[in-house]
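**Student:** Give the three-dimensional model of this entry:
(one chain, ligands or ions: 1)
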Amino acid sequence: MKNRFSDYIVDFNQQDKAKSVEKIFDDFSKVVIEKKNGGVDNFSFEDMMRLTMKKIKKESNVDINVPENITFDGVFNCLVKYPVEMTNRCPENVGGAYFPPGRKVYINQNAREIDKLHSLIHELCHYLFKHDIGEYVPRCELEAEFTTYVVEKMMGIENHHSKFYIFFVAQDIDNIEQTINICKDDILRTSKQLLQNLDCYL
Ligand SMILES: [Zn+2]
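**Tutor:** Alright, predicted model coming up:
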């Protein structure tokens, strides 16, 4: 039984990195279901914040490793057809947000490069899933972050933050296996939809 979140990172790192949306989805699903059913019940929000958010802020590239050729501006320019606006009205520690009434994504122009990049993809997932939410809804977060994970993995971004966040979200979902099955087609479709704009990184 593993008790430390860093143990789970090792599991992920040992997976092979086949370039297929379906394979990445299947591999990730297996691990999420296994961890949830195997009892990551000690998993708490405080742990996640301590082990990921703080690390991400203070030690860049500890939890999110981005290849050198991938920049926020580069990805932003690829996704320019979607309604995204840069803003300086976000709280400092927020990378961005999706605003359902206006069907628009806002990115904090003062956030760190990696936080902007990750938020851009995550919030666009909410937009593409047409999530009509303004609060934390586990299934919506599962769909958005799961899709983000698949997209980023295809681009060669190793995002350990996503893994922690998915595990955190999974704790709030009763039947995780069934939920992932129900969401599967939409996650795959949305991953491909976003990746179509990002061919230059594949
Ligand atoms: Zn979200």
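**Student:** going forward, measure contacts and count neighbours with C-alpha atoms only.
**Tutor:** Noted.
**Student:** Name the secondary structure element that contains the residue most central in space within the chain.
**Tutor:** Nearest residue to the geometric centre of the chain (C-alpha atoms, centre = their mean): residue 145, 3.4 Å. Following DSSP states H and E, one finds residue 145 within helix 138-154.
**Student:** Also residue 118?
**Tutor:** helix 113-128.
**Student:** which outside residues touch that helix?
**Tutor:** Residues outside helix 113-128 that contact it (C-alpha atoms under 8 Å, 6 or more residues apart in numbering) are 64, 66, 71-72, 75-76, 82, 95-98, 100, 103-105, 107-109, 140, 143-145, 147-148, 190.
**Student:** do the same with stretch 130-147
**Tutor:** 99-101, 122-123, 125-126, 129, 162, 165-166, 169-170, 172-173, 179, 183, 187-188, 190-191.
**Student:** Quick one: mean pLDDT over that stretch.
**Tutor:** Stretch 130-147 shows a mean pLDDT of 89.
**Student:** Give the buried residues for that stretch.
**Tutor:** Neighbour-count burial for stretch 130-147, counted by 16 or more other C-alpha atoms under 10 Å, picks out 131, 138-147.
**Student:** what does stretch 21-32 give?
**Tutor:** Using 16+ other C-alpha under 10 Å as the test for burial, stretch 21-32 gives 21-22, 24-25, 28-29, 31-32.
**Student:** swap in stretch 103-114?
**Tutor:** Counting neighbours by 16+ other C-alpha under 10 Å, stretch 103-114 gives 103-112, 114 as buried.
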